[in-house]
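Student: got a predicted structure plus its sequence, pasted below:
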Protein chains: 2
Amino acid sequence: MSADPHEAPDPLTDDELAALDAHWRAANYLSVGQIYLMANPLLTEPLRPEHVKPRLLGHWGTSPGLNLVHTHLNRVIKARDLDALCVWGPGHGGPAVLANSWLEGTYTETYPDVTRDASGMARLFKQFSFPGGVPSHVAPETPGSIHEGGELGYSLSHAYGAAFDHPDLVVACVIGDGEAETGPLAASWHSNKFLDPVHDGAVLPVLHLNGYKIANPTVLARLPESELDALLRGYGHDPIHVTGDDPAAVHRAMARAMDTALDRIAAFQRAAREEGATERPAWPMIVLRTPKGWTGPVEVDGLPVEGTWRAHQVPMAAVRDNPDHLRELERWLRSYRPEELFDDRGAPRPAVMAAVPEGSRRLGATPYANGGLLLRELPLPPLETYAVPVGKPGATRHEPTRVLGDVLRDVMAATAERRDFRLVGPDETASNRLQAVYAASGKAWQERTLPVDEDLDPHGRVMEILSEHTCQGWLEGYLLTGRHGLFSCYEAFVHIVDSMVNQHIKWLRVTRRLPWRAPIASLNYLLTSHVWRQDHNGFSHQDPGFVDHILNKSPEAVRVYLPPDANTLLSVADHALRSRDYVNVVVAGKQPCFDWLSMEDAKAHCARGAGIWDWAGTEDGSREPDVVLACAGDVPTQEVLAAAQLLRQHLPDLTVRVVNVVDIARLLPSGEHPHGMSDFEYDGLFTPDKPVIFAYHGYPWLIHRLAYRRNGHQHLHVRGYKEIGTTTTPFDMVVGNDMDRYRLVMDVIDRVPGLVVRAAAVRQHMEDVRLRHHAHIREHGVDLPEVADWSWEG
Amino acid sequence: MSADPHEAPDPLTDDELAALDAHWRAANYLSVGQIYLMANPLLTEPLRPEHVKPRLLGHWGTSPGLNLVHTHLNRVIKARDLDALCVWGPGHGGPAVLANSWLEGTYTETYPDVTRDASGMARLFKQFSFPGGVPSHVAPETPGSIHEGGELGYSLSHAYGAAFDHPDLVVACVIGDGEAETGPLAASWHSNKFLDPVHDGAVLPVLHLNGYKIANPTVLARLPESELDALLRGYGHDPIHVTGDDPAAVHRAMARAMDTALDRIAAFQRAAREEGATERPAWPMIVLRTPKGWTGPVEVDGLPVEGTWRAHQVPMAAVRDNPDHLRELERWLRSYRPEELFDDRGAPRPAVMAAVPEGSRRLGATPYANGGLLLRELPLPPLETYAVPVGKPGATRHEPTRVLGDVLRDVMAATAERRDFRLVGPDETASNRLQAVYAASGKAWQERTLPVDEDLDPHGRVMEILSEHTCQGWLEGYLLTGRHGLFSCYEAFVHIVDSMVNQHIKWLRVTRRLPWRAPIASLNYLLTSHVWRQDHNGFSHQDPGFVDHILNKSPEAVRVYLPPDANTLLSVADHALRSRDYVNVVVAGKQPCFDWLSMEDAKAHCARGAGIWDWAGTEDGSREPDVVLACAGDVPTQEVLAAAQLLRQHLPDLTVRVVNVVDIARLLPSGEHPHGMSDFEYDGLFTPDKPVIFAYHGYPWLIHRLAYRRNGHQHLHVRGYKEIGTTTTPFDMVVGNDMDRYRLVMDVIDRVPGLVVRAAAVRQHMEDVRLRHHAHIREHGVDLPEVADWSWEG
């Protein structure tokens, strides 16, 4: 089914070819101008050093290729009235996408001071990579973009995320041959096994082989053509190769390739949608092989530049000081014949604009790239229907994530027609006990099935692939184009996407400041199968540090929740799914967990984010407590309540307060995070001067890092995970990390003034009990019933 | 060149087949035993509930496949006297590798209490995944392993790392079809473009398609065979397919496939080594397609198990309580006919051992898997030869990484014959200004070259691929098998390997406690192109949080250094390259940086890790300073020294101390980290009660997290990166994040008691100067000379 596009009839008249070339030259001219010029944009006078920026920054090498793709996308969008979006993987080519946006008018519509004339062109040039101006990459500030390509690897998964559940959309995706070497990109080729030709749009990958990275040839560009072709067919694509360095020939080949690809896409979609075809299509893709820095200087200072890695950034760096470089720059700029491209006012001439689409069909203006415009409220059901009944705290147990699964099932059902909610995860939806969702939607799957398979569905909206990178990329693309979703993941392995979530948070930090960017649904993580319950996977599966990573990022965009039971998980999840422009991290267990709060109490507690559980303590209101037992996380909460019970039993005259923290950023000062609490509130919860024994789900020093400015910080003692783990029992884990109930009681005794002497016998008893448990576990391999299935008697 | 192994002549006699099958059955029996039994290991009596463990943990599904591969590797190792190592990607299959290790005797040699008899077998069974016993995965504790497969994705890059510069070694690598979906694994297939058939060993990938992950079919197992074959050929391999579920037929096909693969490897190596062949070979690989949980229960409770995802972990979970399950378990165990496999004492019978190799040829005993045994001291040259001369601090400037490049060049040259040092990086060696190394070794490259290429070398030991994952995996494999190396990386994008380095640190934490594991060379990161100097890449390239991530991990295995100039970088790098069993993170700039310390002073300063720079302050020894200016990192050091200069000029009667911290863990209490300093030392540097203005390279709260227990912590004020960045000038970056010299002077004025009134005019002047700089940068796009190229006048 492969076609040699050179054999097909010529798709372009000479006039059409001339117009495409004019547009491409205009975009190239504007790209070079952005990198170099701060004045004399139309070269109305000879170029002088003071027209050139003092700092030359930007990436020329990829720009002509991006301009070529944009020019040809314009043509097919206009010719076919296509709903299209483009993900620009080589995001370093900011000048190219900005040039096209300015040409088509969307830049001026978005930023009215950058007019489509000579003065606006001067502004466009000067602001590029200039302090206080615009970034050098395709960025949140760039109209039409959903993808900052500075960190390479995520373009294709973003493109698929955008295409899911947008049946009328074609998402072109330019993949650089450098980016193609990354792991996330390499994994994401298989996304086509999850693309439903009926309900999803199409993705058209354009693998751009310009041959070089910063300083090296690329792996894919140097493969024998047959090997590359086999690889792409192995990925499930039917590649169309476009190769050349003669502009006219490449224009013709590219036009043919685009037509062929879009015809095939349309045929596959028609077959699936109208004729009931179920076979996975061999979707087309384009392999575009053109020189790096094409049309730029062939040589600089006697060294080859065009077609080499030397064209990666700024081909000539000494333009202000070296008259030869200045002359060469002027020659280069004039080689695009700007006088043919722009009129005297500096506006693009009609010939340049002939193939540019109009209105929201323009790539810079598509609402898909400003997904908040398309976003609808998620139909979330009332939580009361799903809440577990709690008469008395700690009388029953539930698996929190399983309870949440029922809510997710009904959200999935309520969006069956709208198709704007997806659940992603690396083969863990059932392991994380969310499998109730399968009653409303199966798992997306376009490969063949066997009778033994369960819950696979070619039209499913639960997405499972054993690649956290691909899950993250899909979800980001889905959210950025105006939909909702949740990523459920083993807690330890979410670190795999540390760097991806960095970029998403950076994106949100910038878009929150851009009034034209409509808010999008938050990226919601459910981290489960957590550090304390890796009974059979052990040390490699134990790492609670994602929270630390997230809390390093922009406070306005990050939220972290540690609900201690099923109903609090429901409340937190509901809040997260309704929110906008955040990354919400929810850490919750999948193992049976005591139910502490009724739905009503859970909502109130989660709204406060932290609060005193007076039913758990022994305060009578007559005086300050002797000690505060604080907790955040389900296992720490259990151990703290068990410690409170032990204290009530063994030291009945001690006044104990129990504080639970759900929203961990509450511990920060109010000036540091929007959820931070005032010192007055903090003192009201934790007291200004009493010992606080804090059992925390993760690394203990995180609590200190959040609370170091607080009153009484010197009395704050935190227990948590100290990187001690293996395959063992649940109780052995808390013992090993000194967070067990007996240890917490000992901590209280050690830190409440005067108690260490008075309660010496109790302390010794606690130590003895710990040792007894330890010995039992080592001999029998299981926890004693009194910790495995204890009952709360508060 | 592909072969159908079913067509080749039968490589096995009936006796050989029987022996292989006996070994495989024995390993399967021992695998099941480990998952289920705590007594009655030889089934000498009928199975009773109390023989079964109370907690059933482990992964059966992958184990029979791993046992098959191990059995057949044994055969070819013995038959060919092969030097072999195996990387077990499906590391969850711990029972399989442990079973084989016990059978071949290496387990007992490593752990003498687990004897090769019935009592040892009982111990082997009980300890598995038992508290205080051994982990359920292939782990550091497992003889013969260099790879904990709990976090999937890294097996193939580890295998290549092990093979580099080990010309006589064959590294088999079992890749699960689950793991194959991950990004890191997908990227690492292209490692064969970097494998030198002359100086490197061979990698034999065995892609094991058992069809299922935890709960889903796998992508690769469901591809049409032609598509899978195209994919693997596209990866550059010549695949040999072995498919079946009849043991005898699979044994024959597998033996043929192994022979064919090893013959081809030998032929390629001979051609390259003896005949000068330079074409990249199409290396063989094996695609093994057998049922998940093969030979286990076909059905449990009426549901299919063998050959489905239900076989992933423990096929029957209720054995103690459900008599049917107990009976089925006994039937299953007896199906392997243990009486044929083990003698009355419980030792493996000779037939089982017929194809097992001896001595260090055994996979569990190979020294390659205990790389410290092979490690030689790295020939590091004396630093004095490379040191930059420093008469007076701050009189000259150098690019620190470029200076280090000269050292690395000479280490590369000194290891030209030994070939036990490699430099890895994602296309950034030259960008990071280490290109001097190319004088001693080019960049590894096996694809075709063009005249324009520079420094590519089929035998090179500089490794560049645009995949941080692959770089990390290669280096880990290289170090774990007894060599040395350095990973140079853009600071922001090292987060891409957060999760990989987690696993390596966990590995080191465990191996440091295993006396039989010899120490290996440390994993050294040089993080450069750092947060403060992303002039043209901007916000997406700015993230200093890797240090925070690393400092969450086991203190005994992590070290973080921030050398402030060229000579301190030399000293720190020298120390890191000589060290063992650490992860060393060195953060250093590539931009011109003032030279502060002579080589002698640099060594002394780095040995202390933190110290007072008395030449930079204004103390005369007569009294405590009024304020301490502390710094860690090159840019912070520059700004602090500039601030000290401003203070000397504007507030000459203020007594200022300057403290520089190189080794950031020095700030931790001595009980928390081996490098932590005592409170006495801390007070000696920072004073117990004076204001400390600390300019830190990364997120400022990290310093608080390290120092919160210190005296005077309430007077510690930290400036650092606050996630405010874009493409801008170097000085605009420090201004934007409030770490510039003027801001630091204002901080001093605000915090030294009484100064705010007395120095109000100075404070206002500083504010005015900041604003003047800001305005200049926004108008002209460059820094004023007084900050871009100032001179130190202390």
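Tutor: Noted; the coordinates are in hand.
Student: going forward, measure contacts and count neighbours with C-alpha atoms only.
Tutor: Fine.
Student: so what are the domain limits for chain A?
Tutor: Chain A is divided into the following domains under automatic domain parsing: A:14-357, A:396-593, A:610-788.
Student: Throw these into CSV and include distance to B:Val314, thanks.
Tutor: CSV is the format used below for the domains of chain A (distance: least, CA to CA, whole Å):
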stretch, distance to B:Val314
domain A:14-357, 29
domain A:396-593, 11
domain A:610-788, 15
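Student: by contact count, what packs against the longest helix along chain A?
Tutor: If you go by DSSP state H, chain A has its longest helix at helix A:247-274. Applying 3 or more CA pairs under 8 Å, 6 or more residues apart in numbering or on different chains; DSSP states H and E, one finds that helix A:247-274 makes contact with helix A:14-36, helix A:63-80, strand A:237-243, strand A:283-289.
Student: would you turn the domains of chain A into JSON lines with mean neighbour count and mean pLDDT?
Tutor: Below are the domains of chain A laid out as JSON lines (neighbours: other CA atoms under 10 Å in any protein chain shown; pLDDT from 0 to 100):
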{"stretch": "domain A:14-357", "mean neighbour count": "22", "mean pLDDT": "96"}
{"stretch": "domain A:396-593", "mean neighbour count": "23", "mean pLDDT": "96"}
{"stretch": "domain A:610-788", "mean neighbour count": "20", "mean pLDDT": "96"}
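Student: who's in contact with A:His51?
Tutor: Neighbouring residues of A:His51 by CA atoms under 8 Å, 6 or more residues apart in numbering or on different chains: A:37-40.
Student: and A:His713, by the same measure?
Tutor: Going by CA under 8 Å, 6+ apart, A:His713 touches A:704, A:707.
Student: same check, this time on A:His70
Tutor: Counting by CA under 8 Å, 6+ apart, A:His70 makes contact with A:97, A:100.
Student: now the helices and strands packed on helix A:247-274 as TSV including distance to A:Trp701?
Tutor: Shown next, in TSV, are these (distance: least, CA to CA, whole Å):
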stretch	distance to A:Trp701
helix A:14-36	46
helix A:63-80	46
strand A:237-243	49
strand A:283-289	50
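Student: wait, isn't A:Met463 in contact with A:Phe421?
Tutor: No - using CA atoms under 8 Å, A:Met463 makes no contact with A:Phe421, being 11.0 Å away.
Student: the domains of chain A: which one's closest to B:Asp168?
Tutor: Among the domains of chain A, the nearest to B:Asp168 by CA to CA is domain A:14-357 (26.5 Å).
Student: ends of the closest one, how far apart?
Tutor: Domain A:14-357 has an end-to-end distance of 20 Å (CA to CA, to the nearest Å).
Student: distance from that domain to the middle of the chain?
Tutor: Distance of domain A:14-357 from the chain centroid (CA atoms, centre = their mean, to the nearest Å) equals 23 Å.
Student: cool, stretch A:753-762 as well?
Tutor: The mean C-alpha position of stretch A:753-762 is separated from the chain mean by 51 Å, CA atoms, centre = their mean.
Student: span of it from start to end?
Tutor: From its first residue to its last, stretch A:753-762 covers 15 Å (CA to CA).
Student: list the contacts of it.
Tutor: By CA under 8 Å, 6+ apart, the surrounding residues in contact with stretch A:753-762 are A:650-651, A:749-750, A:763.
Student: what segments of the stretch 101-250 of chain A are strands?
Tutor: Remark: strands assigned in the stretch 101-250 of chain A by DSSP state E, counting those that start in this stretch are A:169-176, A:202-209, A:237-243.
Student: nearest to chain B, out of the ones you listed?
Tutor: In terms of CA to the nearest CA, the element of these nearest to chain B is strand A:237-243, at 9.8 Å.
Student: ok, A:Leu85 - contacts?
Tutor: A:144, A:169-172, A:363, A:366, A:368-369.
Student: want to throw those residues into a markdown table with distance to B:Glu328?
Tutor: Converted to a markdown table, the contacts of A:Leu85 look like this (distance: CA to CA, whole Å):
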| residue | distance to B:Glu328 |
| --- | --- |
| A:Gly144 | 61 |
| A:Leu169 | 54 |
| A:Val170 | 54 |
| A:Val171 | 53 |
| A:Ala172 | 55 |
| A:Leu363 | 63 |
| A:Thr366 | 61 |
| A:Tyr368 | 56 |
| A:Ala369 | 57 |
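Student: take those residues and write them to a markdown table, including distance to chain B.
Tutor: Listed next are these as a markdown table, based on distance: CA to the nearest CA, whole Å:
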| residue | distance to chain B |
| --- | --- |
| A:Gly144 | 18 |
| A:Leu169 | 25 |
| A:Val170 | 24 |
| A:Val171 | 22 |
| A:Ala172 | 22 |
| A:Leu363 | 23 |
| A:Thr366 | 24 |
| A:Tyr368 | 23 |
| A:Ala369 | 19 |
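Student: quick one: which of these is nearest to A:Val745?
Tutor: Nearest to A:Val745 among the contacts of A:Leu85 is A:Ala369, at 55.2 Å by CA to CA.
Student: the closest one: what secondary structure?
Tutor: helix (DSSP: H, G, I helix; E, B strand; the rest coil).
Student: what sits against it?
Tutor: Contact analysis of A:Ala369 by CA under 8 Å, 6+ apart lists A:85, A:143-146, A:480-481.
Student: what about 10 Å?
Tutor: By CA atoms under 10 Å, 6 or more residues apart in numbering or on different chains, the contact set of A:Ala369 is A:84-87, A:142-147, A:162, A:363, A:477, A:480-482, A:517.
Student: with A:His675 instead?
Tutor: Contacts here follow CA under 10 Å, 6+ apart; on that basis A:His675 touches A:555-556, A:559, A:608-609, A:663-669.
Student: so it lies in a strand, does it not?
Tutor: No - A:His675: not assigned to a strand; according to three-state DSSP it is coil.
Student: on that earlier part again, which residues are common contacts for A:Met463 and A:Phe421?
Tutor: A:Leu475.
Student: the stretch 601-750 of chain A against chain B: which residues are in contact?
Tutor: A:699-710, A:713-714, A:722-729, A:732-733 (CA under 10 Å from any CA of the partner chain).
Student: interface residues of the stretch 201-350 of chain A facing chain B?
Tutor: Neighbours of chain B within the stretch 201-350 of chain A, by CA under 10 Å from any CA: A:212-237, A:303-305, A:307-309, A:313.
Student: if we go to 6 Å?
Tutor: The stretch 201-350 of chain A comes close to chain B at residues A:227-228, A:230-231, A:234, as judged by CA under 6 Å from any CA of the partner chain.
Student: for chain B, what is the nearest residue in the stretch 51-200 of chain A?
Tutor: For the stretch 51-200 of chain A, CA to the nearest CA, closest residue to chain B: A:Gly183, 3.9 Å.
Student: residues in contact with that residue?
Tutor: B:183-184, B:187 (CA atoms under 6 Å, 6 or more residues apart in numbering or on different chains).
Student: could you tell me the end-to-end distance of stretch A:159-171?
Tutor: Using CA to CA, one end of stretch A:159-171 lies 6 Å from the other.
Student: do the same with stretch A:33-40
Tutor: 10 Å.
Student: repeat for stretch A:187-202
Tutor: Start-to-end, stretch A:187-202 (CA to CA) is 18 Å.
Student: sorry, back to before: among the contacts of A:His675, which lie within strands?
Tutor: Counting by DSSP state E, the part of the contacts of A:His675 found in strands is A:Arg559.
Student: out of the contacts of A:His675, which is nearest to chain B?
Tutor: A:Pro555 (9.6 Å).
Student: what sits against that closest one?
Tutor: Taking CA under 6 Å, 6+ apart as the contact definition, A:Pro555 lies against A:His673.
Student: and the gap between it and A:Ala18?
Tutor: Distance, A:Pro555 to A:Ala18, by CA to CA: 51 Å.
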